[in-house]
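Chemist: coords below, sequence missing:
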């Protein structure tokens with residue numbers, strides 16, 4: 001029974017391989033645990049004519065684990081300009097090529113965007129084979145809101161540029177996801193707290209691996225913690241909660257209420273200021289009454 005089942009699985013895989021269409025396949029691979037690969041991804045890797053890998057040594061290990069033997073070629077940030085025309089020529093001729101990164105989903109902080117763009121411009125087929133993603137895995141473990149999020153990739157290495165980029169995210173009402181180098185983690189968390197303010201956050205590393213770790217807390221607490229801890233190892237993903245709602249600025253409301261009430265009825269002034277400053281009408285009306293009473297007792 002066992003051998004029969006194994007033969008059936010192999011026959012099914014050969015059948016699937018024979019039916020894969022030509023084109024470029026964007027294949028997600030495990031971010032840690034080698035078993036986190038989809039059956040569809042294994043079918044495609046078995047069927048393709050060539051695998052374009054960010055690092056052929058890393059991909060060769062994964063293929064060996066799953067008993068797959070296919071030609072490999074390197075495609076990364078260093079050789080993409082030279083290799084892209086060669087890959088496009090083979091794809092134009094009807095080849096089936098799988099694009100993989102070292103871990104996770106290609107094009108997410110990994111090379112491949114320009115190759116996909118040129119494939120689409122030529123009217124050639126691009127197929128997505130979804131699977132693991134460090135960004136989404138960290139988001140699900142972080143304990144922050146997941147209904148709206150923004151993946152921001154890696155921040156600049158230099159502090160000044162890093163803080164300038166962080167300023168761009170200050171007002172975004174969404175959870176934020178970043179990748180970071182272990183050696184810059186503590187200073188990046190410090191910069192995040194300085195620029196983005198008090199937020200809940202999580203720092204995830206070695207996701208799906210034996211030593212997976214997720215530390216959660218406020219940005220200030222995590223920044224202080226990682227300043228004293230030994231340098232962490234592995235891939236780092238930082239997830240930040242959205243900004244909290246600011247407290248209503250009633251001091252500003254009081255100042256403009258006084259000016260408005262000098263020229264219009266109290267109720268009209270309160271309605272005008274509440275709408276202009278996006279404040280609760282009832283609260284602004286009560287402050288207007290208090291201001292009027294204080295003025296009358298002088």
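Modeler: Cool, the structure landed. Since this is a predicted model, take the numbers as computed values, not measurements. Numbering: from 1, shown residues only.
Chemist: So, low pLDDT: which residues of the protein?
Modeler: 1-19, 245-249, 297-298 (pLDDT under 70).
Chemist: give me that answer again for 80
Modeler: Along the chain, the model assigns pLDDT under 80 to residues 1-19, 245-252, 278-280, 294-298.
Chemist: Where do the helices of it begin and end?
Modeler: Ranges of helices within the chain are 2-18, 39-47, 56-65, 80-92, 113-121, 134-142, 159-167, 185-196, 219-228, 250-261, 266-277, 281-296, based on DSSP state H.
Chemist: Residue 94 is in contact with residue 49, correct?
Modeler: No. In this structure, residue 49 is not within contact of residue 94 by Cβ atoms under 8 Å, at 9.1 Å. No exception for glycine: its C-beta is placed from N, CA and C like everyone else's.
Chemist: Who has more neighbours out of those two?
Modeler: Set residue 49 next to residue 94 and count neighbours by other Cβ atoms under 10 Å: residue 49 wins out with 16 against 11.
Chemist: got a list of what that one touches?
Modeler: If you count contacts by Cβ atoms under 8 Å, 6 or more residues apart in numbering, residue 49 has them with 70, 71, 90, 95, 96, 97.
Chemist: Burial check on residue 89, number of neighbours?
Modeler: Around residue 89 there are 10 residues (other Cβ under 10 Å).
Chemist: mind checking which of the helices of the chain is nearest residue 151?
Modeler: Residue 151 lies closest, by Cβ to Cβ, to one member of the helices of the chain: helix 134-142, at 4.9 Å.
Chemist: tell me which residues of the closest one are tucked away?
Modeler: 134, 135, 136, 137, 138, 139, 141, 142 (16 or more other Cβ atoms under 10 Å).
Chemist: What residue, apart from its backbone neighbours, is nearest the fourth one spatially?
Modeler: Spatially, and ignoring its direct neighbours in sequence, residue 137 is nearest to residue 207 (5.0 Å; Cβ to Cβ, 6 or more residues apart in numbering).
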